[in-house]
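1. Sharing a model prediction with you, sequence too.
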Amino acid sequence: MSDFEKRVPLEILDPGFRDPGFWLRFHTRVMGEAQTELARRRMAGDLSVVDVLFAWRRAVVPMALLAAALAGILLIGHEPQPPEQLVALEEVLAEDLNLLTIHSVLNGEGGSPDALFAMAEDGF
Amino acid sequence: MRESTDGELVRASLRGAQEAFGILVARYQRPAYLVALSVTGNQEDAEDVAQESFLVALKRLEDNRDPERFGGWFLTIVRNRARNLLRREKIRRTETLSPELSPGLGGPSEDLARWEIREHIERALEGLSGIRREVLFLHDLEGWKHREIGERLGIPDGTVRSHLHFARMYLRERLTALRGARPEGEE
């Protein structure tokens, strides 16, 4: 037998050599420790698309409530502005013009009847 | 399922299959222990490292890109964790149990004889490099073939043979020297 074939008996280094139950206990211990992670993996695998979407509810609902609350605070924080008055186009155009209105002419506030006649001919 | 390949067992374990992971543990518990022992030189540390490594491997199973080569990937985790332990504990090497603390099956005289043999072997192994101890353990204790060791350690078959040859030769020489160094009157 060559040197290469001769082996030194190393079995004494194997804990199972002296204690036949060693590896079974070791296996049980490892599997016990692995239970949590294996369960987590099983749960992750069981999740459907609906479950995933439904799970979003947990995050989305509080976020929406928070956003609404923030918006409310911002709205309350601003002073309300007075409503703007609507102005007719005619009023804007006539502003600062000191002219006779049709109404005042017809009521005789615009001068003599001749003048009125002349104005009527010119179309006021 | 016992005959399943490593890849099949890894894929099932990824889904949390208890039985599949249990088979992986049964398949690699001794190799893991032996690789850890080859680094730490201490049986209790080797046991702890092997146990922790299974849990780390399970948590990082997604990182194993080639499930069929689970063995090599896993033994790398074992080796790294064993090295880290050594660094952390300032190389707490080979604290062998005294015969009184290691009760066995065959009574005190047998315990003493076994303890003595174990001590001799452990001392003889101290001079071997980590890779040679690994090859020696996986071949002579676990019974893996050269090819299997080569695949799982990522070294060529020829290198495995070479490591095994030198490891055996060195161990025999050291054991012979240790036996020769016994005090007079001992057998």
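-> Arrived safely, thanks for sending.
2. where are the low-confidence patches of chain A?
-> A:1-5, A:47-56, A:78-87, A:92, A:94-124 (pLDDT under 70).
3. what residues does it put near chain B?
-> A:3-4, A:6-8, A:10-16, A:18-19, A:23, A:26-27, A:29-31, A:33-35, A:37-45 (Cβ under 8 Å from any Cβ of the partner chain). Placement of C-beta: from N, CA and C, glycine included.
4. And the residue in chain B positioned nearest to chain A, its phi and psi?
-> Closest residue of chain B to chain A, Cβ to the nearest Cβ: B:Gly16 (3.3 Å). Note on B:Gly16: its backbone torsions stand at phi 90, psi 20 [degrees, to the nearest 10].
5. Let me know how buried it is, in neighbour terms.
-> 21 (other Cβ atoms under 10 Å in any protein chain shown).
6. By mean pLDDT, point me to the weakest helix or strand of chain B.
-> Scoring the helices and strands of chain B by mean pLDDT, DSSP states H and E places helix B:107-125 at the bottom, with a mean of 75.
7. next SSE after it?
-> Downstream of helix B:107-125, the first helix or strand assigned by DSSP states H and E is helix B:130-140.
8. what about the closest residue to B:Gly154 other than its chain neighbours, is that helix, strand or coil?
-> Spatial nearest neighbour of B:Gly154, excluding adjacent residues (Cβ to Cβ, 6 or more residues apart in numbering or on different chains): B:Gly72 at 5.8 Å. With DSSP: H, G, I helix; E, B strand; the rest coil as the basis, B:Gly72 sits in helix.
9. Now the most centrally placed residue in chain B. Nearest residue, chain neighbours left out?
-> With distances taken as Cα atoms, centre = their mean, B:Leu34 lies nearest the centre of chain B, 0.9 Å away. Excluding the flanking residues, the one nearest B:Leu34 by Cβ to Cβ, 6+ apart is B:Phe137, at 3.8 Å.
10. Per-residue pLDDT of that neighbour, please?
-> On pLDDT, B:Phe137 comes in at 92.
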